[in-house]
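Asks: task: produce atomic coordinates for the following.
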Amino acid sequence: MANPIYFISDVHLGADTYEAEETKRNRLRSFLRSLRGQTPLLYIVGDLFDFWFEYRSVILRQHYWVLYELSALAESGTRIVYMAGNHDFWLGSFLDEQVGIETKYGPLEVNLQDKRFFICHGDGMISKDWGYRMMRKILHNRFLIRSFQLIHPDLGVVLGKRISLLSRNHGAPKDWDHLAYRELGVSILKKGYDVVVFGHNHCPDLQQVDDQVYINLGDWVEHFTYGVLSEGKIELKWYEG
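Replies: Take a look at the predicted model:
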């Protein structure tokens, strides 16, 4: 029997009050430690951080604890795949080279436990997200990224939080997101996938369509939900730890 594969998204570390961040930190630390030696693969489907930017020689110290936990998980034998979201799209080489995490951009098409998966954070995929898609092109500009690297990190963090807020306002879940993403996921299933995995809209959802499944991973801001694939069946679960 193959060991289970896990999926999480939308933790948004650094976005909330001290008390809310403490709850996230305790639960996520417990969750990651529970996976050591128990799973060959963890997918982080975007927005682990509310803001992430890699300078050439500096990282944000507030996130050291989660980098340590992820490094320990990787050293235990778990492959970790981190897909960029709309809050952490400026991923550099640090996570790959120093933490042991594979970073990916865009949708992934993979085979897991004999099932064909389509995995994507989900930002900008709904037709009404045209404003966010335009903003994303600007933020992915190489000149802008290189210019940002020249700013002192203390100032860069302040600006980064404003950019994060801008991304939240333009790419945030709307009232129509829940059904719109479900409809999009089901339409992608028709292209021959067994499972479609989204994050982004913070709304846990699992829809069975015959032998196919659409799942939205929810978040670790309010719901503390995650996906687990075991023996070819994917489930949506809530973490209480």
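
Asks: for the helix or strand where Arg29 lies, name the packing helices and strands.
Replies: Assessed by DSSP states H and E, Arg29 sits inside helix 18-35. Packing contacts for helix 18-35, counted by 3 or more C-beta pairs under 8 Å, 6 or more residues apart in numbering; DSSP states H and E, involve helix 64-75. Heads up, the C-betas are built off the backbone N, CA and C, glycines and all.

Asks: now the helix holding Arg29: mean pLDDT?
Replies: Model confidence over helix 18-35 averages 96 on the pLDDT scale.

Asks: show me how far the next helix or strand after it is from its chain's centre.
Replies: Downstream of helix 18-35, the first helix or strand assigned by DSSP H and E is strand 41-44. Centroid separation between strand 41-44 and its chain, computed with C-alpha atoms, centre = their mean, to the nearest Å, is 9 Å.

Asks: return strand 41-44 as CSV; C-alpha atoms alone will do.
Replies: Output in CSV follows, covering the C-alpha atoms of strand 41-44 (Å, rounded to 0.1, in the frame of the first residue of the first chain):
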residue,chain,number,x,y,z
LEU,A,41,5.2,13.8,-1.1
LEU,A,42,3.6,17.1,0.1
TYR,A,43,2.2,19.7,-2.3
ILE,A,44,2.0,23.3,-1.1
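
Asks: name the strands paired with that strand and say parallel or antiparallel.
Replies: strand 5-8 (parallel), strand 79-83 (parallel) (DSSP bridges).

Asks: output the shortest one as CSV, restricted to C-alpha atoms.
Replies: Output for strand 5-8, consisting of C-alpha atoms alone and laid out as CSV, is shown next (Å, rounded to 0.1, in the frame of the first residue of the first chain):
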residue,chain,number,x,y,z
ILE,A,5,0.2,12.1,-0.4
TYR,A,6,-0.8,15.5,1.2
PHE,A,7,-1.9,18.8,-0.2
ILE,A,8,-2.2,22.2,1.6
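
Asks: and the gap between the most centrally placed residue in the chain and His200?
Replies: For the chain, Gly46 is the residue whose C-alpha lies nearest the centre (C-alpha atoms, centre = their mean; 1.9 Å). Using C-beta to C-beta, to the nearest Å, Gly46 is found at 7 Å from His200.

Asks: please enumerate the shared neighbours of the two.
Replies: 9-10, 85-86, 121-123 (C-beta atoms under 8 Å, 6 or more residues apart in numbering).

Asks: run through the bridge partners of Gln208.
Replies: Val213.

Asks: for Val195, same thing?
Replies: Here Val195, judged by DSSP bridges, has bridge partners Phe117, Val213.

Asks: that one: neighbour count?
Replies: Residue neighbour count, defined by other C-beta atoms under 10 Å, stands at 24 for Val195.

Asks: who touches stretch 198-209?
Replies: So stretch 198-209 is contacted by 9-10, 45-47, 85-86, 120-123, 171, 173, 177-178, 181-182, 184-186, 189, 213-219, 221-223, 225, 234-236 (C-beta under 8 Å, 6+ apart).

Asks: got the end-to-end distance for that stretch?
Replies: 16 Å (C-alpha to C-alpha, to the nearest Å).
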